[in-house]
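J.: dropping a prediction and its sequence here:
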Amino acid sequence: MDVQTIRKDFPILGREVNGHPLVYLDNAATSQKPNSVIQKLVDYYQNYNSNVHRGVHTLGTLATEQFEEAREKIRRFIHAKSTKEIIYTRGTTDSLNIVAYGYGRVNLTAGDEIVISPMEHHANLIPWQQVAQVTGAELKYFPMKPDGMLDLDDVRKTITDKTKIVACTEVSNVLGTVNPVKEIAAIAHEKGAIMVVDGAQSTPHMPVDVQDMDADFFAFSGHKMLGPTGIGVLYGRQELLEAMEPVQTGGEMIDEVDFHSATWAELPWKLEAGTPHISGAIGLGAAVDYLENIGMEAINRYETELADAAYEKLKELDGVTVYGPKHRAGLVSFNIDGIHPHDVSTALDADGIAVRAGHHCAQPLMRWLKCESTVRASFYFYNSLDEIETLAKGIKDAKEFFGHVI
Ligand code: PMP
């Protein structure tokens, strides 16, 4: 992994912030974009901007080809069987809402159970709360070990014959925990439940094979994996998507429309009402090209190295609490005794270091951690070990500034 060469592909990484070179460690919120993705968007708007699946003119054909070619790239990237299973959405939140309302709301009744983990992002939590309220289903949680890991024996005990849906994140955006979603899916299936996986924090950072993991639904966002904002994907097993009624209607998702009735187009278009995010999808295709060119195994190996280095460095610092397990994906959440996370992030920003402070859209997890918020540094393959040194130094400086002598 030649990080210095890779960094040249990302124009923003060359800028300064507050008089310091930018150290961008907020990748779990959104990633930066390489030139190839930016240029792909410019090319679309400059040369073949047109709506898809509608016109028969040259530009419309070009746009449609690129839009569908990107779908095929995404299919290959996550190892889905068919492009019919790749639904373009606005992002992970949108994808999970489609599953909750399009599948959960229709198929659950009172007495059924939905099981999720305590480390879910609100996107994989609130839709299930809402669906539980309207259907009368019960929302249950796996227990979690003190280091923020799930235990498969606990998983086995929590999923029962009444469980219809298990929904779990593959990687926690706060703890960095990597969950055994394949094993959880197998247990869910033994009990006749479906498995929904939130892949927002895994898809950008590690190889994903939805068939091997045997997910029934899998959701992720383009903007966290070098792509544009506002585009994401819902993967769904074809039989389930076929049986699902669209949550939104209108536009090209139809087959025939009469005055009082309508029939639906085939998958995947049945679930894509209205004009889609065309440039977003095309840009996401270019992002997939970029990631595949480096290789997801290599990206994952390198980011694990970064996470290990950051974990060890921060653990050594007096008065710093690091949350989550030792073996983790590429992020570290922490707190400094007596300093509010927002003050820590403001102090780091003065040194050009971008981290995030807050509840990270996981308030129940904050309660479990017994804190209101944390500081989170999250890495991508364009970050360097030097930047982790800069982060550690920035934390030491912040402690001194706020009166904690090291
Ligand atoms: N799930 C997880 C684990 C996330 O980290 C995020 C983004 N922070 C989301 C879901 C929601 O993603 P988006 O905002 O792109 O819909």
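T.: Cool, the structure landed.
J.: quick one: stretch 262-280 near the ligand?
T.: No. Using Cβ under 6 Å from any ligand atom, stretch 262-280 never reaches the ligand; the gap is at least 11.8 Å. All C-beta spots, glycine's among them, are computed from the backbone N, C-alpha and C.
J.: may I have that stretch as CSV, with CA atoms only?
T.: Extracted C-alpha coordinates of stretch 262-280, given in CSV (Å, rounded to 0.1, in the frame of the first residue of the first chain):
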residue,chain,number,x,y,z
ALA,A,262,-51.3,-0.1,-11.8
THR,A,263,-48.8,-2.9,-12.2
TRP,A,264,-45.2,-2.9,-11.4
ALA,A,265,-42.0,-3.1,-13.5
GLU,A,266,-39.5,-5.9,-13.0
LEU,A,267,-36.8,-5.8,-10.4
PRO,A,268,-34.8,-3.8,-9.7
TRP,A,269,-36.7,-0.9,-11.2
LYS,A,270,-40.0,-1.8,-9.3
LEU,A,271,-38.3,-0.4,-6.2
GLU,A,272,-36.8,2.7,-7.7
ALA,A,273,-39.6,5.3,-8.0
GLY,A,274,-38.9,8.7,-9.6
THR,A,275,-35.8,10.0,-11.2
PRO,A,276,-32.9,8.2,-9.5
HIS,A,277,-29.6,9.8,-8.4
ILE,A,278,-28.1,9.1,-11.9
SER,A,279,-24.8,10.9,-11.4
GLY,A,280,-24.5,9.4,-7.9
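J.: and that stretch, what's buried?
T.: 265, 267-273, 276-280 (16 or more other Cβ atoms under 10 Å).
J.: same question, stretch 20-30
T.: Buried, per 16+ other Cβ under 10 Å, within stretch 20-30: 22, 23, 24, 25, 26, 27, 28, 29, 30.
J.: dihedrals phi and psi, the second one?
T.: To tie it back to what came earlier, the one meant is residue 23. phi -110, psi 100 (degrees, to the nearest 10).
J.: got it, and the fifth one?
T.: Dihedral angles phi and psi of residue 26 (degrees, to the nearest 10) take the values phi -130, psi 40.
J.: repeat that for the last one.
T.: Backbone torsions of residue 30, given as degrees, to the nearest 10, read phi -160, psi 150.
J.: before we move on, what about the fourth one?
T.: With angles defined as degrees, to the nearest 10, residue 25 shows backbone torsions of phi -120, psi 40.
J.: strands of the stretch 51-200 of the chain, residue ranges please.
T.: Taking DSSP state E, counting those that start in this stretch, the strands of the stretch 51-200 of the chain run over residues 86-89, 113-116, 138-141, 163-169, 194-198.
J.: and those strands as TSV, adding mean pLDDT?
T.: Shown next, in TSV, are those (pLDDT from 0 to 100):
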stretch	mean pLDDT
strand 86-89	98
strand 113-116	98
strand 138-141	98
strand 163-169	98
strand 194-198	98
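J.: one step back: can you tell me which two in the buried residues of stretch 20-30 are farthest apart?
T.: Comparing all pairs in these by Cβ to Cβ, the longest separation belongs to 22 and 28, at 16.7 Å.
J.: just to revisit the earlier point, inside strands: which ones of the buried residues of stretch 262-280?
T.: Among these, no member falls in strands (criterion: DSSP state E).
J.: who's in contact with the residue in the stretch 201-350 of the chain that the ligand sits nearest to?
T.: Taking Cβ to the nearest ligand atom, the ligand has its nearest neighbour within the stretch 201-350 of the chain at residue 221, 3.4 Å off. Going by Cβ atoms under 8 Å, 6 or more residues apart in numbering, residue 221 touches 91, 92, 200, 231, 232.
J.: so can I have TSV of these showing pLDDT?
T.: Shown next, in TSV, are these (pLDDT from 0 to 100):
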residue	pLDDT
91	98
92	98
200	98
231	98
232	98
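J.: can I get the buried part of these as one ChimeraX selection?
T.: Buried members of the contacts of residue 221, defined by 16+ other Cβ under 10 Å, are picked up in ChimeraX with:
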select :91,92,200,231,232
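J.: and the ligand, which of the contacts of residue 221 reach it?
T.: Restricting the contacts of residue 221 to those within reach of the ligand (Cβ under 6 Å from any ligand atom) leaves 91, 92, 200.
J.: which parts of the stretch 251-400 of the chain sit against the ligand?
T.: residue 361.
J.: go again using 8 Å as the cut-off
T.: Residues of the stretch 251-400 of the chain lying near the ligand by Cβ under 8 Å from any ligand atom: 360, 361.
J.: do a quick rundown of the helices in the stretch 251-400 of the chain.
T.: Per DSSP state H, counting those that start in this stretch, the stretch 251-400 of the chain carries helices over the ranges 278-294, 296-316, 341-350, 363-369, 385-401.
J.: again with the stretch 1-150 of the chain
T.: 3-7, 35-43, 58-78, 92-99, 105-107, 126-135.
J.: could you dump the ones you listed into CSV and include distance to residue 119?
T.: Output for the helices of the stretch 1-150 of the chain, formatted as CSV (distance: least, Cβ to Cβ, whole Å):
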stretch, distance to residue 119
helix 3-7, 30
helix 35-43, 30
helix 58-78, 22
helix 92-99, 15
helix 105-107, 24
helix 126-135, 14
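J.: tell me the most buried of those helices?
T.: helix 92-99 (a mean of 25; mean count of other Cβ atoms under 10 Å).
J.: who are the packing partners of that helix?
T.: The contact analysis (3 or more Cβ pairs under 8 Å, 6 or more residues apart in numbering; DSSP states H and E) places helix 92-99 against strand 86-89, helix 126-135, strand 194-198, strand 217-221, strand 232-236.
J.: that concludes my questions; thank you for your assistance.
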